[in-house]
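**Q** generate coordinates for the sequence data below:
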Amino acid sequence: MLADMFATVIGLWRMQRIRFFDIAKGIAILAVILGHSAIEANLCIPHRAAQIAISFCFSFHMPLFFILAGYFMHPERAFRWAKESRQLLCTYAVTTLCVLVGVTCMATLHHESRALALQTWGMTALYGNGDVSNLTLWPVGFRIGAIWFLLAMFWARLLLHIFAKLPHTVFWVAACFVFGYISSRYVCLPWSVQSGMCAVAFLYLGYLAKTYDVLGRVKRIPYIWVAALLIWIIDVVSFGGMSMAMNDYGSHPVLAVVGSMAGTLCVIGISQLLDHMFLGGGSVSLAKQVWLFCACILSKMMYCRGRCILASCARLSPMCHWSY
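**A** I've put the predicted structure just below:
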């Protein structure tokens, strides 16, 4: 989940800055941190506050990153295989290589079988799923974690480039989402293919939002903000689970998708408000401060998370519960 969050951000930093999008991504990163921290807390001591935090954060944070990625896409152009492979697939390969090196080191320190550790995590890296499933084509004991996002984003971007050149693009996007969602109920394919098939819908929504100037329309018709907020609240209150990593849209899949769109729009609206309040004519970039703050927290979280993963690798025991 954090993977293409950064891949998207790196690409956007090279383009003309849109500060409220930076702020929105900062809010989403904080939601990632809060949501997964709430999962851990709720496992230790179940509490209503943790459950509310999970419902709130998971209702929008992953769709937001895909939608913003789609906002800056040009699917009518040729698919840039070299750039996309280097940015997404190569990053995945390098990261998994680092994981395997860490597994080997920890297994050595704990006098465990390096061959077994490498075999187990090698199969996990090869499968490339964000969570554990009993529907995989071969036994996979662990989850690869956040970097499933890199693979899903690659497939989603590739598919959207293909569909954009076909007549009735919206039909192909919808069919792809439905096929990815339904097929994942029966089999979990490797390389996060099905996650990418569903994610293409969110990319397309972002692309359409820019094409039809949705933000401009909402600005002219402020009542849309109220409707979006109400839908988002209903989604959070009725939250039945959502994990794009495993194509799980909970007990209310339609509401989960619509609610994530409404939540994304609301977060962008809040970001625009913050941009106007704190950055209008100011010399200090709040967006950069938000990103720096998020980076500091995220680096600490990933450090602690990494220690948990490597320790689990060495013992060949399940990792801490962590779903995206």
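
**Q** now the helix or strand L273 falls within: mean pLDDT?
**A** Element membership of L273 [criterion: DSSP states H and E] is helix 253-279. Across helix 253-279, pLDDT averages out at 89.

**Q** which parts of that helix are buried?
**A** Across helix 253-279, burial judged by 16 or more other Cβ atoms under 10 Å covers 255-269, 271-272, 274-275, 278-279. Any C-beta I mention is one placed from the backbone N, CA and C, and that applies to glycine too.

**Q** so which elements touch that helix?
**A** helix 19-44, helix 61-71, helix 193-211, helix 214-220, helix 223-237, helix 286-315 (3 or more Cβ pairs under 8 Å, 6 or more residues apart in numbering; DSSP states H and E).

**Q** deepest of those, which one?
**A** helix 61-71 (a mean of 26; mean count of other Cβ atoms under 10 Å).

**Q** centre of the chain to that one, how far?
**A** Here helix 61-71 is found 8 Å from its chain centre; the criterion is Cα atoms, centre = their mean, to the nearest Å.

**Q** hmm, who's touching the helix or strand following that helix?
**A** Sequence-wise, the next helix or strand downstream of helix 61-71 (DSSP H and E) is helix 81-84. With contacts defined as Cβ atoms under 8 Å, 6 or more residues apart in numbering, helix 81-84 is touched by F154, R157, L158.

**Q** just the ones of those in helices?
**A** Using DSSP state H, F154, R157, L158 are the members of the contacts of helix 81-84 that sit in helices.

**Q** and the first one, how far is that from P253?
**A** Relative to P253, F154 is positioned 24 Å away (Cβ to Cβ, to the nearest Å).

**Q** what of the second one?
**A** Shown here: R157 relative to P253, a distance of 23 Å by Cβ to Cβ.

**Q** which one (most neighbours) among the ones in helices among the contacts of helix 81-84?
**A** Counting neighbours by other Cβ atoms under 10 Å, R157 leads those with 25 neighbours.

**Q** surely that one is in contact with H74?
**A** No: assessed by Cβ atoms under 8 Å, R157 is found out of contact with H74, at 10.7 Å.

**Q** for the chain, which spans come out with low pLDDT?
**A** 1-17, 279-324 (pLDDT under 70).

**Q** hmm, try it at 80
**A** Along the chain, the parts satisfying pLDDT under 80 run over 1-18, 114, 145, 276, 278-324.

**Q** hmm, what's the outermost residue in it?
**A** In the chain, counting by Cα atoms, centre = their mean, H111 sits farthest out from the average C-alpha position, at 35.8 Å.

**Q** that residue in helix, strand or coil?
**A** Following DSSP: H, G, I helix; E, B strand; the rest coil, H111 is assigned to coil.

**Q** can we start the residue count at 836 from this point?
**A** With the count now opening at 836, the last piece we talked about shows up as H946.

**Q** against L935, how distant is it?
**A** 18 Å.

**Q** check F895 too.
**A** F895 is 33 Å from L935, by Cβ to Cβ.

**Q** P898 now?
**A** Distance, P898 to L935, by Cβ to Cβ: 31 Å.

**Q** check M958 too.
**A** 11 Å.

**Q** ditto for D966
**A** Taking Cβ to Cβ, one finds D966 at 20 Å from L935.

**Q** what do you get for V967?
**A** 18 Å.

**Q** then G965?
**A** 18 Å.

**Q** same drill for those two, tell me which one is more crowded.
**A** Using other Cβ under 10 Å, the more surrounded residue of G965 and L935 is G965, with 25 against 17.

**Q** thank you kindly, that will do.
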